[in-house]
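Colleague: sequence below, structure please.
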Amino acid sequence: MDGASYREANMKIELFADYQRESRRTWNLIHTDHPIVYPTLGLVNEAGEVAGKVKKIFRDKQGVISEEDREALKQELGDVLWYLAQIATELGVGLDEVASANLAKLFDRLERGKIRGEGDTR
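Modeller: Got it, this is the predicted structure:
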């Protein structure tokens, strides 16, 4: 039996309490006293709010975006942009640099026929 199969056979979890106890063995407290942590968490939160609004547009409105939806999405995208700007500022990187590097990467992929697919290094 290979290592992965052995672990799978011995990690059968019947109760969530077992999972909590066992998973805690892999946990480690990581101090987040750094200025990049808050804006990163904020960015993820706001991106989730954008996704939630889009989901509801498709779930409840068959994908029809009203002016009210457009305004709400614009507000959420502004929040995403604010957090992104804070992260870039903490890294000492301008948003213009981020945008230029992203376009260079995308056009390189396009020219090589690699615009679709997975992976950062395609």
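
Colleague: can we go C-alpha only for contacts and neighbour counts from here?
Modeller: Will do.

Colleague: what's the local residue count around residue 39?
Modeller: For residue 39, the tally of surrounding residues (other C-alpha atoms under 10 Å) stands at 19.

Colleague: isn't it up against residue 80?
Modeller: No - counting by C-alpha atoms under 8 Å, residue 39 does not reach residue 80; the two are 9.6 Å apart.

Colleague: below-threshold pLDDT in the protein: ranges please.
Modeller: 1-9 (pLDDT under 70).

Colleague: which residue ranges of the chain form helices?
Modeller: Assignment of helices within the chain using DSSP state H yields the ranges 3-10, 16-23, 37-61, 67-91, 95-111.

Colleague: and the ones you listed as TSV, adding distance to residue 117?
Modeller: Output for the helices of the chain, formatted as TSV (distance: least, C-alpha to C-alpha, whole Å):
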stretch	distance to residue 117
helix 3-10	28
helix 16-23	33
helix 37-61	22
helix 67-91	25
helix 95-111	10
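
Colleague: so which of those helices gets nearest residue 122?
Modeller: helix 95-111 (7.3 Å; C-alpha to C-alpha).

Colleague: would you mark the buried spots in that closest one?
Modeller: residue 95 (16 or more other C-alpha atoms under 10 Å).

Colleague: other residues contacting that helix?
Modeller: The contact list for helix 95-111 (C-alpha atoms under 8 Å, 6 or more residues apart in numbering) reads 85, 88, 115, 122.

Colleague: once you drop chain neighbours, what's closest to the second one?
Modeller: To tie it back to what came earlier, the one meant is residue 88. Setting aside the residues directly before and after it, residue 88 is nearest to residue 94 in space (C-alpha to C-alpha, 6 or more residues apart in numbering), at 6.2 Å.

Colleague: now the one you found: how far from residue 22?
Modeller: Distance of residue 94 to residue 22, computed by C-alpha to C-alpha, to the nearest Å: 43 Å.

Colleague: check residue 107 too.
Modeller: 46 Å.

Colleague: ok, now residue 102?
Modeller: Applying C-alpha to C-alpha to residue 102 and residue 22 gives a distance of 41 Å.

Colleague: what is the neighbour count of residue 86?
Modeller: With other C-alpha under 10 Å as criterion, residue 86 counts 19.

Colleague: okay then, goodbye and thanks.
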